[in-house]
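[1] Sharing a model prediction with you, sequence too.
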Amino acid sequence: MEMADKQDAPTAVAVVDPDGMVSGWSEGCQLLLGWTAEDTVGRPVTDLLVDPPPPGFPEGYDAGPDPTGFIPLRHRDGSTVDAVVAAHPLFGPDRRALGHVVTIQRWGRRPVIADRAFEQCPFALGVYDPELRFLWINASSGRVIAHSEEQVLGKKYRELFPEFDRELFPERDDKPYTDALAEVARTGEPTRLITVFRPLGSNYANAWATSIWPVRDAEGRVLAVANWGFDMSAEYWARQRLLILNKASGGIGRTLDVIGTAQELARTPVPGFADLVTVDLLDEVLRGEEPPSVSAFTPGETIVLSRAAQHSAREDTDRAPGPTTPVSHAPGSVAARCMATGRSTVELAAEPGQGGEWAFGPGLAADPAHWPPGNPLIDESLATEGLTGRITVPLRARGALLGVVAFSRLDRPEAFTADDLILAEELTAKAVVAIDNARRYSRERTTALTLQRSLLPQGLPNQEAVEVASRYLPGGTGVEVGGDWFDVIPLSGARVALVVGDVVGHGLHASASMGRLRTAVRTLADVDLPPDELLTHLDDLVLHLASDLQPTGHFQQTGESGATCLYTVYDPVSRHLTLASAGHPLPLIISPDGTRTPVPALPGPPLGIGGLPFESAELELPEGSLLALYTDGLVESRERDVDQRIAELQRALNHSATSVEALCDTVMDAMLPDRRTDDAALLLARTHALARRHVADWAVEPDHAQVPRARKFAVDQVDAWGLEEAAFVTELVVSELVTNAIRYGEPPIRLRLIRDTSLICEVSDASNTAPHLRRARAFDEGGRGLLLVAQLTQGWGTRHTTNGKTIWCAQTLPQPDPH
């Protein structure tokens with residue numbers, strides 16, 4: 001048992017004072033030699049030797065890294081212990097010699113190999129006392145801290161390495177490491193950490209994985225703190241590149257906006273990868289047009305781009321110019337060559353390292369053998385621009401050139417590596433697809449907007465029934481154009497139709513469908529169909545449009561189809577509003593006193609379902625009532641339900657405004673946020689009532705003898721209105737229309753004259769048979785009356801009612817002289 005103890009005894013440590021007397025004796029010495037501290041402390045250290053002491057022992061004795069001999073020592077039991085002895089000088093705070101620390105190891109292969117293994121270990125190894133004074137470091141640790149073992153032994157860490165100002169030297173912050181050492185010394189709990197800092201004398205920030213653990217005695221007391229660490233820079237920076245790419249995947253291309261995507265590309269790599277990023281795009285890309293192909297550029301021409309984005313790690317220079325700021329790239333410049341050749345270029349500042357060769361970054365990734373041909377370029381002019389390196393990458397997508405992006409480093413001394421070039425090209429590849437998609441979307445959206453605006457009313461028609469104003473706003477950037485529309489259609493009898501609708505879906509298809517429906521509504525309105533019948537015909541049209549969109553063949557796909565529509569007709573003579581809805585929100589009606597007028601109707605099914613009826617509702621409005629027709633984009637919100645939004649719309653409509661035009665602006669500002677997710681249309685109308693003095697009505701008996709009386713009634717009324725110049729034509733058309741009603745119609749027959757923006761003549765009877773305009777032959781006795789009416793007036797037509805029909809015609813009245 002005793003031999004086993006001696007064989008397995010650890011390294012022994014003794015302290016010898018300047019007089020050669022033993023002043024300290026460790027437990028390891030007792031295990032190795034059997035002597036206790038009481039036996040040895042105060043005795044000459046030479047008493048432990050079997051032979052006379054070697055010359056200079058212990059002051060000048062050092063076993064060295066490769067000892068060739070040994071010193072035999074006395075064991076307490078009288079045996080001899082062959083040992084390797086090394087003496088290390090011990091100094092006090094004032095550099096006064098306190099003696100020597102003598103380490104003793106049993107002679108054999110295991111201790112020597114262990115010493116060599118720890119000393120030659122590529123990991124940085126070190127041991128500190130609880131006060132963080134150096135007890136031992138190996139050669140690798142000495143290289144990391146740029147100090148030898150003799151320079152650090154017995155000194156505190158902060159005596160050798162004062163704490164850096166973390167604001168001035170963030171790359172040299174070693175506080176996490178020293179905090180971890182102190183924590184292990186205090187708690188006795190091991191820990192691990194990764195620190196990134198720039199070692200003294202290095203131009204590169206290294207990442208170190210470090211383990212720190214306590215060294216305890218037999219009673220568990222912490223005698224020292226040990227640590228090991230290794231340089232994991234290659235793995236760390238590879239992970240950082242992956243993190244930047246992951247950030248780019250989620251941060252680039254979030255919007256279908258060219259400028260926004262360029263700004264995302266400029267922001268993402270700063271400051272983790274570069275200090276300054278600029279993105280220059282061709283004007284065609286900013287306008288959504290087709291960019292030129294790569295073959296259209298040559299290195300010998302000046303290329304003018306627009307600075308779409310710029311982002312800098314320096315706050316005082318982080319001011320990106322506007323997207324219209326031109327940027328010229330001279331012939332032969334790196335950017336011009338990159339755009340012409342389609343290849344990236346890395347430029348490094350002319351700052352050679354040891355031996356006159358460039359000091360590339362750590363790891364195989366910086367090996368020049370891994371660079372693609374032509375890279376890197378050593379450019380002395382970079383230093384004059386305040387740069388240490390720059391990577392220029394052309395923006396190419398689908399065979400076309402969109403622009404160029406430059407990643408620059410300003411203050412950091414690390415040179416770009418070949419892996420950095422790969423990262424820059426990966427970032428650019430992710431961004432260029434998003435930029436091109438945004439450009440294509442911008443082109444399609446512009447086309448859809450142009451189509452939609454061309455199909456919407458360019459100006460509201462002149463009529464006296466209502467005062468109208470309208471607004472249409474497409475969805476925000478990144479949202480496709482929808483199919484919202486509105487219209488104001490003058491009808492016979494001084495009436496007016498107010499229409500608003502919304503096609504399902506977005507994009508060009510929705511805009512084209514909207515144009516078809518608006519044209520259909522105008523055509524059906526010209527026939528003077530009641531609102532419910534008009535929506536029924538419109539429903540059939542939507543069903544036909546949906547069937548036309550179905551592809552032929554076995555593989556049929558059902559795309560989005562359908563629409564909603566609200567059709568209203570206002571009569572200023574009776575002040576009646578008739579309306580019907582196909583799945584569209586009912587109008588808001590605000591009476592002149594500011595109260596909301598309920599609408600006695602429910603929305604019917606949307607257009608495109610088919611087979612379901614639509615119902616009309618009619619109500620009488622006070623003069624000066626306000627009608628608000630709108631699409632759902634005006635009241636939809638993620639934060640509040642529709643009822644709350646309609647209440648907000650009603651409050652906005654009660655705003656005191658001098659005109660409906662001003663009220664339109666007030667409502668749009670109050671209801672629409674900056675970020676809109678759908679189109680919004682608003683049509684406001686303030687109702688007028690036609691004065692009774694502008695309407696003349698007379699019952700006609702079904703007798704041809706009444707025709708002269710009808711002519712006289714009409715001429716007298718026209719003269720009373722001061723329209724003598726219209727008396728002749730009025731007399732003729734009244735004679736023809738009343739004659740036809742008596743001959744072909746059924747009683748009761750009525751004649752009505754309306755003075756509005758035009759002079760309207762209406763003859764109503766109870767028959768549903770409508771007259772037709774035809775060409776009379778030479779010997780025909782009839783058939784010329786309607787032709788005469790059509791030639792003498794500016795418009796005529798038939799309006800069917802529940803009690804028969806009305807034949808009407810209108811004469812344009814001379815406008816009053818503004819002077």
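    In hand now; what should we look at? Numbering: from 1, shown residues only.

[2] three-state assignment of the nearest residue to residue 148 once chain neighbours are set aside?
    Counting by C-beta to C-beta, 6 or more residues apart in numbering, residue 148 lies nearest to residue 142, which is 5.4 Å off, once chain neighbours are set aside. C-beta here means a position set from N, CA and C on the backbone, and glycine is covered the same way. The three-state assignment at residue 142 reads helix, by DSSP: H, G, I helix; E, B strand; the rest coil.

[3] contacting residues for residue 142?
    148-149, 152 (C-beta atoms under 8 Å, 6 or more residues apart in numbering).

[4] So which of those belong to helices?
    Mapping these onto helices (DSSP state H) picks out 149, 152.

[5] Taking the contacts of residue 142, please make a PyMOL selection of just the buried ones.
    Typed into PyMOL, the line below selects the buried ones among the contacts of residue 142, using 16 or more other C-beta atoms under 10 Å:
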select buried, resi 149+152
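
[6] my read: residue 21 touches residue 44, true?
    Yes. Shown here, residue 21 and residue 44 form a contact pair, counting by C-beta atoms under 8 Å, at 6.0 Å.

[7] Of the two, which one has the most company?
    Shown here are residue 21 and residue 44; by other C-beta atoms under 10 Å, residue 21 has more neighbours (17 against 14).

[8] Okay, that one and residue 99: tell me how far apart.
    Counting by C-beta to C-beta, to the nearest Å, the gap between residue 21 and residue 99 amounts to 9 Å.

[9] now swap in residue 444 and tell me
    With C-beta to C-beta as the criterion, residue 444 and residue 99 are 88 Å apart.

[10] More neighbours: which of those two?
    Of the pair residue 444 and residue 99, residue 99 is the one with more neighbours under other C-beta under 10 Å, namely 23 against 16.

[11] which ones are touching the more buried one?
    By C-beta under 8 Å, 6+ apart, the contact list for residue 99 reads 15-18, 23, 89-90.

[12] and what of residue 808?
    If you count contacts by C-beta under 8 Å, 6+ apart, residue 808 has them with 492-493, 760-763, 796-799.

[13] got the CA coordinates for whichever strand or helix holds residue 127 in CSV?
    Using DSSP states H and E, residue 127 maps to strand 124-128. In CSV, the C-alpha atoms belonging to strand 124-128 read as follows (Å, rounded to 0.1, in the frame of the first residue of the first chain):
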residue,chain,number,x,y,z
ALA,A,124,-4.0,27.7,-24.0
LEU,A,125,-3.6,26.4,-20.5
GLY,A,126,-3.1,28.4,-17.3
VAL,A,127,-3.4,28.2,-13.6
TYR,A,128,-4.2,31.1,-11.2
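
[14] Starting from it, tell me which strands it pairs with and how they run.
    Applying DSSP bridges to the sheet, strand 124-128 is found paired with strand 134-137 (antiparallel), strand 222-231 (antiparallel).

[15] Give me the contacts around it.
    Contacts for strand 124-128 (C-beta under 8 Å, 6+ apart): 118, 134-138, 140-141, 144, 157, 181, 185, 208, 215, 224-230.

[16] make it 7 Å
    Contacts with strand 124-128, where a contact means C-beta atoms under 7 Å, 6 or more residues apart in numbering, come from 118, 134-138, 140-141, 144, 181, 224-229.

[17] Now the buried members of these.
    Using 16+ other C-beta under 10 Å, the buried members of the contacts of strand 124-128 are 134-138, 140-141, 144, 181, 224-229.

[18] hmm, back to that, with distance to residue 460 added, can I get the strands paired with strand 124-128 in CSV?
    Output for the strands paired with strand 124-128, formatted as CSV (distance: least, C-beta to C-beta, whole Å):
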stretch, distance to residue 460
strand 134-137, 88
strand 222-231, 76
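
[19] Between those strands, which one is closest to residue 499.
    Proximity to residue 499 (C-beta to C-beta) singles out strand 222-231 among the strands paired with strand 124-128, at 74.5 Å.

[20] State the mean pLDDT of the closest one.
    On average, the pLDDT along strand 222-231 is 90.

[21] So the chain: which segments form each domain?
    Domain assignment for the chain by automatic domain parsing gives 1-120, 125-231, 241-445, 459-549+561-687, 692-812.

[22] Give me the mean pLDDT for the first one.
    If you average the pLDDT over domain 1-120, you get 77.

[23] Just read off the phi/psi values of residue 603.
    The phi and psi values for residue 603, taken as degrees, to the nearest 10, are phi -60, psi 140.

[24] mind listing what the residue lying closest to residue 277 once chain neighbours are set aside touches?
    Counting by C-beta to C-beta, 6+ apart, residue 277 lies nearest to residue 266, which is 4.3 Å off, once chain neighbours are set aside. Contacts for residue 266 (C-beta under 7 Å, 6+ apart) come out as 277-279, 309-311.

[25] So which of those is surrounded by the most neighbours?
    Neighbour counts for the contacts of residue 266 peak at residue 279, which has 28 neighbours (criterion: other C-beta under 10 Å).

[26] quick one, phi/psi of it?
    phi -130, psi 120.

[27] my guess is it contacts residue 306, does it?
    No. In this structure residue 279 lies outside contact range of residue 306 using C-beta atoms under 7 Å: 9.8 Å.

[28] Among the contacts of strand 124-128, which one lies nearest to residue 745?
    Taking C-beta to C-beta as the measure, residue 745 sits nearest to residue 229 out of the contacts of strand 124-128, at 107.7 Å.

[29] check contacts around that closest one.
    123-124, 208-210.

[30] From those residues, list the buried ones, please.
    123-124, 208-210.
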